[in-house]
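A.B. asks: have a look at this prediction, sequence included:
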Amino acid sequence: MNLRHAGIGMTSARTRGRLIERLRADGIKDETVLAAMYEVPRHIFIDEALATRAYDDVSLPIGHGQTISQPHSVARMTEVLRNGKQLNRVLEIGTGCGYQAAVLAKVAKEVYSVERIQPLYERARKTLRELKIFNVNLRYTDGTAGLPDAAPYDGIIMTCAAPALSAALREQLAVGGRMVLPMGTQEQFLYLIERDENGFRESRLEAVKFVPLVMGKA
């Protein structure tokens, strides 16, 4: 890891380690997820002016009205998605700056991630290349209907809040797969959707706050 990736001072490995300890204290138990988040340098995904806050447990602006998710949300959603098991093919709706995709790349064999805002798509692609993360397949497209051409997925994760779960996205989940997404408008909750041979099972988890899912490309 070069000096820029390794960080210094408020972006150093020691600061990153303190974030991991905080996540562990706040209930994240999956050590594979925590190891992935320690390995991915979050400060590389945000503007340099905000780098000193990269390892605070807060969401931060990345431009175009979007944010990089709070680390606890990234850890929690990845932990629920994994359920302690190795992931093969995963779909992420809402690449943003690429941080969640980079974490998923550490715990899944193959990641597809879609982004509707072209400058964010291009920035994420550049950052992931810089970090030599090659198992993420980025697409510049409207993600509201998922990405059917690479379906089915063992895991689907959405990093923006949908008003409701679309049937098209649900059908892209493999039998035995898990989907984690925020849903709601005024009030949002994290949901877990599980698919087995008998159909789908939906569980409402905790309250969350995400940017809304938007249709179309920009």
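C.D. replies: Noted; the coordinates are in hand.

A.B. asks: what's the top strand by length along the chain in contact with?
C.D. replies: The residue-count maximum for a strand in the chain (DSSP state E) belongs to strand 173-184. By Cβ atoms under 8 Å, 6 or more residues apart in numbering, the surrounding residues in contact with strand 173-184 are 77, 80-81, 83, 89, 93, 151-158, 160-165, 169-170, 188-197, 200, 208, 210. Just so you know, the C-beta spots here come from the backbone N, C-alpha and C atoms, and that holds for glycine as well.

A.B. asks: again, 7 Å this time
C.D. replies: Strand 173-184 has contacts (Cβ atoms under 7 Å, 6 or more residues apart in numbering) with 77, 80-81, 83, 152-158, 161-162, 164-165, 188-197, 208, 210.

A.B. asks: could you find the closest non-adjacent residue to residue 5?
C.D. replies: Once flanking residues are discounted, residue 5 sits nearest to residue 41: 5.1 Å by Cβ to Cβ, 6 or more residues apart in numbering.

A.B. asks: any idea how far the one you found is from residue 192?
C.D. replies: According to Cβ to Cβ, to the nearest Å, residue 41 stands 29 Å off from residue 192.

A.B. asks: these two: which is more packed in?
C.D. replies: residue 41 (22 against 17; other Cβ atoms under 10 Å).

A.B. asks: span of stretch 138-148 from start to end?
C.D. replies: Taking Cα to Cα, to the nearest Å, stretch 138-148 runs 14 Å from one end to the other.
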